[in-house]
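Trainee: The amino acid sequence is not available; the structure is as follows:
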């Protein structure tokens, strides 16, 4: 059934008037709550006494909050299991799904749907690599993990499926034991590899004042008046922690230089990475100021206590690939009916072309639906379909869940605006995408030199294990490429993430790949290296950002733009920082204990 004309208008009006109510309450008992988005069960029309499910986190949860009035003695029914799954997964967007002890799905790159139809709770998980359907028989939450007893289709014997909020599933004691063991291995490696140096300190102690946690082993080796900062990360840590190690290694180098000022010279840094995990760190280290420190990257094979030094000076072999730009005009024409249908319900929503066969619909950066080319179950003929949901959850739009779709869009429209309820989950979700939508609308608010007419957002530029998406790629009015990296909250990794994207854009640009891949086809690009803009709210800039920026290579022309805290009302730059240009007549040779790093110009 497809609603249209007066019937569609009446449905929208009824949906916008219908308030949401938390589970276990009626509309007469409790008015509309602006702190949560509530949706009805997908297989029944909404009613005044209906039990509701959530797409987003609630003030309390059936799964995690034992103080909930509905928590005790709830029957294990398909509806109860559906609510349990819904509650847990709504708060675990980056969770991993384990089956038979192995990671089967990463919800950061996968989708799921939950069905309670036909008196069965079915969990459907799918990604680019696999597709799984399991019937859920029972559920238990323990230590941040949802343990499910499931049944495979066609099998009677149940098995276990685990959904973990954190990628690192080790217990605190296991983490501590692994880090203590690694500290001893690193000490032995230092003693063998640097026989003339003395290890003056080596620790994994927490120092929150200087942004150091227990993940990294930090040390200092010294020989006479010369010393090197040392930082290492063990192989049992997550790849994200390994990739982030250079950020904390630079901060550790700065700490060592500050504490040793006037005593001895800390010449540089030795960074130890697990074997086979150094690709992204190598790219980042290649873009650091080589005059500011002596940089050394080594891979440590913990099993054989073997060290391999990695060459970071060669920038000509960046492991990155660019995805072809999609013909947006053709894609919009192909999905004209779907676009018209969504615009009838929520006018002026953003339409983002993801590929030739898929569009995304967003409201102030928050994706709520997609239109894509699917296949009919019986004939396998292609057809267009609309799927909707927030986060990793996805449902195919049909006549049964159309009222649910209307409620979602009504909630998005009524809460996601500059003066909306700030504690509402829909208001708080995807703040960087919200900021990006404003910048894309007029990128000249970042710098008047930037061209607002030809730009690309969320450009895929994959490298090694990192599936990077450039926030904004544009040009200046004279054709020079510019990379804009956005953060809506405080993030210590902003400078080095910006370096990642800059290096990939520079690599592809040096090979004239952007025009060949369909980008900036109507513009002549300048041969100059790209500009780099780092953008964040002025009061949400990490205090260590200045330290990290001082170590960026001088040939990278970057600018840090602090924007007004009320950026949702309109983006306004309130301050700018850029590297200070040194005088050519200045003495280029630093004194023995001088700091050769770049200063910041405000």
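Mentor: Received, thanks. Small disclaimer: the values here were computed from a predicted structure and weren't measured. Numbers count the residues shown, from 1 in each chain.
Trainee: Would you map out the domains in the chain?
Mentor: Domain ranges of the chain: 5-164, 172-314, 431-601, per automatic domain parsing.
Trainee: other SSEs contacting the helix of greatest length in the chain?
Mentor: Ranked by number of residues, the top helix in the chain under DSSP state H is helix 172-193. For helix 172-193, the packing partners by 3 or more Cβ pairs under 8 Å, 6 or more residues apart in numbering; DSSP states H and E come out as strand 198-203, strand 217-223, strand 226-232, strand 294-301, strand 306-310. For the C-beta atoms, the positions are set from N, CA and C on the backbone; glycine is no exception.
Trainee: which intervals of the chain have sub-threshold pLDDT?
Mentor: 1-75, 314-319, 377-379, 461-468, 581-602 (pLDDT under 70).
Trainee: what about the helices in it?
Mentor: For the chain, the helices defined by DSSP H occupy 5-17, 78-90, 172-193, 239-243, 245-259, 279-286, 328-334, 336-345, 402-415, 425-428, 431-441, 494-510, 513-516, 545-550.
Trainee: and the angle for the third one with strand 306-310?
Mentor: It stands for helix 172-193. 80 degrees (axes from the mean of the first three to the mean of the last three Cα atoms, to 10 degrees).
Trainee: any idea how far helix 172-193 is from the chain center?
Mentor: 30 Å (Cα atoms, centre = their mean, to the nearest Å).
Trainee: ok so, going back, compute the inter-axis angle for the longest helix of the chain and strand 226-232.
Mentor: Using the same axes, to 10 degrees: helix 172-193 against strand 226-232 is 150 degrees.
Trainee: Setting the sequence-adjacent residues aside, check what's closest to residue 417.
Mentor: Residue nearest to residue 417 in three dimensions, not counting chain neighbours: residue 364, with 7.2 Å by Cβ to Cβ, 6 or more residues apart in numbering.
Trainee: Give me the distance between that neighbour and residue 334.
Mentor: Counting by Cβ to Cβ, to the nearest Å, the separation of residue 364 from residue 334 is 25 Å.
Trainee: quick one: which of the two has more around it?
Mentor: residue 364 (22 against 18; other Cβ atoms under 10 Å).
Trainee: and residue 218, what does it touch?
Mentor: Shown in contact with residue 218 (Cβ atoms under 8 Å, 6 or more residues apart in numbering): 201-204, 212, 229-231, 252.
Trainee: Just the buried ones among those residues, please.
Mentor: The neighbour-count test (16 or more other Cβ atoms under 10 Å) applied to these identifies 202, 204, 212, 229-231, 252 as buried.
Trainee: Just give me the closest of these to residue 143.
Mentor: If you rank these by distance to residue 143 using Cβ to Cβ, residue 204 comes first, at 22.9 Å.
Trainee: Just to check, that closest one is in contact with residue 181?
Mentor: No: counting by Cβ atoms under 8 Å, residue 181 is not a contact partner of residue 204; they are 10.9 Å apart.
Trainee: ok, back up a step: for the buried ones among the contacts of residue 218, work out which two are farthest apart.
Mentor: Greatest spatial distance among those (Cβ to Cβ): 204 and 229, at 14.9 Å.
Trainee: Okay, residue 490 and residue 562: tell me how far apart.
Mentor: Computed as Cβ to Cβ, the residue 490 to residue 562 distance reads 12 Å.
Trainee: what does residue 260 give?
Mentor: 32 Å.
Trainee: Please apply the same query to residue 532.
Mentor: 15 Å.
Trainee: neighbour-wise, which of those two wins?
Mentor: Neighbour totals were compared for residue 532 and residue 562, and residue 532 leads with 24 against 18 (other Cβ under 10 Å).
Trainee: surely that one meets residue 560?
Mentor: No: Residue 532 lies out of contact with residue 560 (Cβ under 8 Å); the separation is 9.4 Å.
Trainee: just checking, what packs against the longest strand anywhere in the chain?
Mentor: Assignment by DSSP state E gives strand 131-142 as the longest strand of the chain. With contacts taken as 3+ Cβ pairs under 8 Å, 6+ apart, strand 131-142 sits against helix 78-90, strand 122-126, strand 145-152.
Trainee: Could I get the contacting residues of residue 248?
Mentor: Counting by Cβ under 8 Å, 6+ apart, residue 248 touches 211-212, 216, 231.
Trainee: Kindly report the same for residue 570.
Mentor: Residue 570 makes contact with 438, 564, according to Cβ under 8 Å, 6+ apart.
Trainee: And it, its phi and psi?
Mentor: phi 150, psi 130 (degrees, to the nearest 10).
Trainee: Could you check how far it is from residue 485?
Mentor: 20 Å.
Trainee: likewise residue 579?
Mentor: Plainly put, residue 579 is 16 Å away from residue 485 if you go by Cβ to Cβ.
Trainee: and if you look at residue 331?
Mentor: 26 Å.
Trainee: of the two, who's got more company?
Mentor: Between residue 331 and residue 485, counted using other Cβ under 10 Å, residue 485 has the larger neighbour count: 23 against 20.
Trainee: Which residue, neighbours along the chain excluded, lies closest to the residue nearest to the spatial centre of the chain?
Mentor: Central residue of the chain (Cα atoms, centre = their mean): residue 108, 8.3 Å from the mean position. The shortest distance from residue 108 to any residue other than its chain neighbours is 4.7 Å, reached at residue 94 (Cβ to Cβ, 6+ apart).
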